[in-house]
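> from the sequence below, what's the structure:
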Amino acid sequence: MTRGDDREFHDFVEARMDRWRRSAYLMCQDWHTADDLVSIAVTKLYRHWRDVRRADNPEAYAQKVLTRCWLNERRRPWRREWAAERLPDRPAVAPDQVADRDSLGRLLRALAPRQRAVLILRFYYDYSTEQVAEMLEVSVGTVKSQTARGLQTLRLSAEALRG
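Below you'll find the predicted structure:
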C-alpha cells in the first residue's frame, strides 16, 4: 500500500472503530471478545483494502467482514476462553440504565448466533433484508426466517424475564 492508501485506511477505521466495537459486543456479549473480533476484522480489511475502497458500499463491506468474523469464531469454541458467568466480586448496584442493558444482553444471549447477527444487522444497523443476506452469504428467505424465529425467541424470553 502507498502512504496515501495507509492514511485513507486509517481514517476509514478510525471513523468506525466505536461502532464496530459496539456491534461486535452486541453479537458476542463480551468486550474482550469484541475487541478481538474488531482486530481480526481490521486486519482482514487492511489486507483487502483495495477491494474494500472499490466496493459500492465500503461500510457494509466492513460490517460483513466483522459479522463473518464473529460467526466463524463461534464455530471454533476451542480457540476461545469464555468468561465465567459470575465474577467473584460484584460492583455496587448499577443504575437502571445498566440494568436495562443487562436485560438486553440476556435476551440477546437467548438467540442462536445467526439469529442474533440478523437481528442486530436488521434492527440496530437498519440494513435491508437483501443487504443482510449478502453480508451473511445466505438467501433472503433465510434472513426472513431467522428474523421471524429470532423475534419469537426474544418475545418468549422477555415474557419469561417479566414473570
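
> C-terminal to the least confident helix or strand in the chain by mean pLDDT, what's the next element?
Across the helices and strands of the chain, mean confidence by mean pLDDT, DSSP states H and E is lowest for helix 96-109: a mean of 69. Counting by DSSP states H and E, the next helix or strand C-terminal to helix 96-109 is helix 113-119.

> what helices and strands are in contact with that next one?
In terms of contacts (3 or more C-beta pairs under 8 Å, 6 or more residues apart in numbering; DSSP states H and E), helix 113-119 is packed against helix 3-28, helix 58-74, helix 129-136, helix 140-162. Just so you know, the C-beta spots here come from the backbone N, C-alpha and C atoms, and that holds for glycine as well.

> what sits up against it?
Residues outside helix 113-119 that contact it (C-beta atoms under 8 Å, 6 or more residues apart in numbering) are 26-27, 67, 70-71, 74, 108, 111, 132, 136, 143, 146-147, 149-151, 153-154.

> kindly report the same for stretch 142-156.
107, 110-112, 114-116, 118-119, 122, 129, 132-133, 136.
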